[in-house]
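Visitor: what follows is a predicted structure for the sequence shown.
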Amino acid sequence: MDDQNKNLILASVLSFVVILVWFIFFPPEEQAPAPIENAAVSTDGVAALPPALAAAPSAVTTQAPAPVAAAAPRLMIDTTRLKGSISLAGGRIDQLVLKDYRETLEPDSANIGLLSPVGTEHPYYALYGWAPGGTLDIADVPGPLTEWVVEGNDKLTEATPVTLSWDNGKGLIFRRTISVDDGYMFTMAQSVENTGETPVRMAPYGLIARHGEPDSKKFFILHEGVVRQNDNTLEEISYKDMADLDYVEREGARAEVADITENGWIGFTDKYWMTTLVTKPGQPFTSVAKYVASAEIYQVEARMPVMDVAPGATASVETLLFAGAKEWEEINGYEEDLGIVNFVDSIDWGMFFFLTKPIFKVLHFLNGVIGNMGWAIIALTIFIKAILFPLAYKSYVSMAKMKELQPEMEKIKERTGDDRMKMQQEMMALYKKEKVNPASGCLPILLQIPIFFSLYKVIFVTIELYQAPWLGWIRDLSTPDPSSILNLFGLLPFTPPAPESMLAFISLGILPILLGLSMWLQQKLNPTPTDPVQKMIFAWMPWVFMFMLGNFASGLVLYWITNNTITFIQQYTIMRSHGHKPDLLGNMTAGLRKRKAEKK
């Protein structure tokens, strides 16, 4: 077995093993979250929030009489991209639906629900308020179920902010003005007016509470849970890790507390969606990630510094709340325009971020020019192959020279017999004399592995691929090819096995079959190896990959098919230009000719 074939087999087997492990650990797409339906608010509140104030009560109360919560009116949210409502009990944003995204491809499918009120299956909401300090009591500041009053506009839109107010009857008037842009960013302006005769102390806060862990599949390559920017460090805490945090007595829960000096944000991130508390650049605050085991509540908090409010004075603070889809262009715009440090890294770029980020940027640009993500993937593949072409050129030239040297190599094998050391020495001398690198054929294959993984990550985590169509039957590039050979690609009147079925593995679509054929055709540029081990590996590899990648995202399979096709064209052209014309038809029919010869 010559060195070229050894290296080629080694690289191919390595690719197969790595991708097989990847497939085992990183199965196909999970289902989208369930839509949020209108539901009444129950009497349950949020977990205790111990304020970071001296001489402050130990906790904010979380209970209120049932009639107060049940009777609380709602203020509607209706923007170009969002629809929902704000409960006047606590003034919490607890109902939010994303107009641009649906659960399935069906036109009557429900919109994706992001936030939901207490009383639904998975309560998830944002709450703002003030923690009392000094001589103030919990009853002196607005709490989780305080009945707010609407001043002015009764619907929140891009053009009409809303203002809520509450008078505690003891000289303090609290106001909260909520505005929203044409995307997913809310601005929360909180103020307190002291009409009394004594100074008061208190601290504003914002929190996001999530009751119970989200019902979604767990993927090793995907972070879901808390994400926060601590000045210059981006930190991720999974739901499992939150339950394992140290118990903090002052918090009354398992918690991790960090003081942010000037650049920070904290929130919950899902695969495609995110809800995040954001402070203005240069604004110090205390970020808290906590898990209240007794109530099974995951909670993040942004606590502002203590404010002293003199008689006749007004204190105010303005923060931001992002609640929506993790669209790269939208989040990148917020990072640049509002100075939110590393906000775009809320998208889980993974360990190959130095590849996934530029790959996505190029893909996003191409999609903007072409207007179709499938054709953009094909254009991206051409772009990547163009960058790697100098290396590929050297590789294919080297392979062509190796073919020319094949007679000389056979003579060396015959001359050296069983003396493998002498054979290797003479082979290396021949390579050096003819300036051939036998390992160069492996490099393009090996380089494809991180690129393949990076593109898989991009297709898996970026919402731009979510329900993005290509052509015909491919209506969602983030999911496997929906066609099936079992019903002759729709010609037979029965539904193919569901993705969770054991038969789904053999229910191959058109794209996976084309992938197998493209790999097989690429192999046929070279004669079938005479070594039995090589022959077996080469014979099975295209079809193993075909089945293995059959349940991968169709966008990734499309990339692989395009890559194989371009590689075939490059290799065929370069080998012919160097005097070696591949006997493609002969290699394709070699097995058939051999079987006929054996019968004779």
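Guide: Nice, I can see it.

Visitor: where's the residue most central in space within the chain relative to G196, distance?
Guide: Note on the chain: the residue nearest the mean C-alpha position is V461, at 2.3 Å, using CA atoms, centre = their mean. Relative to G196, V461 is positioned 52 Å away (CB to CB, to the nearest Å). Bear in mind the C-beta positions are built from the backbone N, C-alpha and C, glycine included.

Visitor: my guess is G516 contacts G550. True?
Guide: No. Between G516 and G550 there is no contact under CB atoms under 8 Å: 9.1 Å.

Visitor: helix, strand, or coil at L447?
Guide: For L447, the assignment made with DSSP: H, G, I helix; E, B strand; the rest coil gives helix.

Visitor: that one - how many residues pack around it?
Guide: Counted with other CB atoms under 10 Å, residues neighbouring L447 total 14.

Visitor: for L465, what are its contacts?
Guide: Residues near L465 by CB atoms under 8 Å, 6 or more residues apart in numbering: M373, V458, I459, L477, S478, A553, G555.

Visitor: where does it fall, phi/psi-wise?
Guide: Main-chain dihedrals, L465, degrees, to the nearest 10: phi -90, psi -10.

Visitor: export stretch 150-165 as CSV, just CAs?
Guide: C-alpha atoms of stretch 150-165 as CSV (Å, rounded to 0.1, in the frame of the first residue of the first chain):
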residue,chain,number,x,y,z
VAL,A,150,-52.2,53.9,33.5
GLU,A,151,-51.5,57.6,32.7
GLY,A,152,-52.3,58.6,29.1
ASN,A,153,-51.8,56.0,26.4
ASP,A,154,-53.4,52.7,27.0
LYS,A,155,-51.5,50.7,24.3
LEU,A,156,-47.8,50.3,23.9
THR,A,157,-46.6,50.7,20.3
GLU,A,158,-43.5,52.0,18.6
ALA,A,159,-45.0,55.5,18.5
THR,A,160,-46.9,55.5,21.8
PRO,A,161,-45.0,54.8,25.0
VAL,A,162,-47.0,54.1,28.1
THR,A,163,-46.7,55.4,31.7
LEU,A,164,-47.7,53.6,34.8
SER,A,165,-48.0,55.3,38.2
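
Visitor: contacts for that stretch, please.
Guide: With CB under 8 Å, 6+ apart as the test, stretch 150-165 has contacts from 75-80, 86, 88, 91, 148-149, 173-182, 187.

Visitor: how does it look with 10 Å?
Guide: Here stretch 150-165 makes contact (CB atoms under 10 Å, 6 or more residues apart in numbering) with 73, 75-82, 84-86, 88, 91, 93, 128, 142, 146-149, 173-183, 186-187, 189-191, 193.

Visitor: averaged pLDDT, that stretch. What do you get?
Guide: Taken as a whole, stretch 150-165 has an average pLDDT of 95.

Visitor: how much space between M421 and M409?
Guide: Noted for M421: a distance of 16 Å to M409, by CB to CB.

Visitor: if you count surrounding residues, which of these two has more?
Guide: Per other CB under 10 Å, whichever of M421 and M409 has more neighbours is M409, with 18 against 8.

Visitor: wait, isn't that one in contact with A429?
Guide: No. At 11.7 Å, M409 does not count as touching A429 under the criterion of CB atoms under 10 Å.

Visitor: in the stretch 101-250 of the chain, mark out all the helices, start to finish.
Guide: Taking DSSP state H, counting those that start in this stretch to define them, one finds helices in the stretch 101-250 of the chain at 239-243.

Visitor: now the strands: where do they sit in it?
Guide: Assigned by DSSP state E, counting those that start in this stretch, the strands in the stretch 101-250 of the chain fall at 111-115, 124-133, 149-151, 155-156, 162-167, 172-180, 185-194, 200-211, 225-230, 233-238, 247-248.

Visitor: sheet partners, orientation included, of the helix or strand following the last one?
Guide: Counting by DSSP states H and E, the element after strand 247-248 in chain order, helix or strand, is strand 253-260. Counting by DSSP bridges, the strands paired with strand 253-260 are strand 247-248 (antiparallel), strand 285-292 (antiparallel).

Visitor: how far is the shortest one from where the chain is centred?
Guide: Looking back up the chat, that one is strand 247-248. Centroid displacement of strand 247-248 relative to its chain, using CA atoms, centre = their mean, to the nearest Å, is 31 Å.

Visitor: ditto for stretch 413-427
Guide: The answer for stretch 413-427 is 53 Å, by CA atoms, centre = their mean.

Visitor: thank you kindly, that will do.
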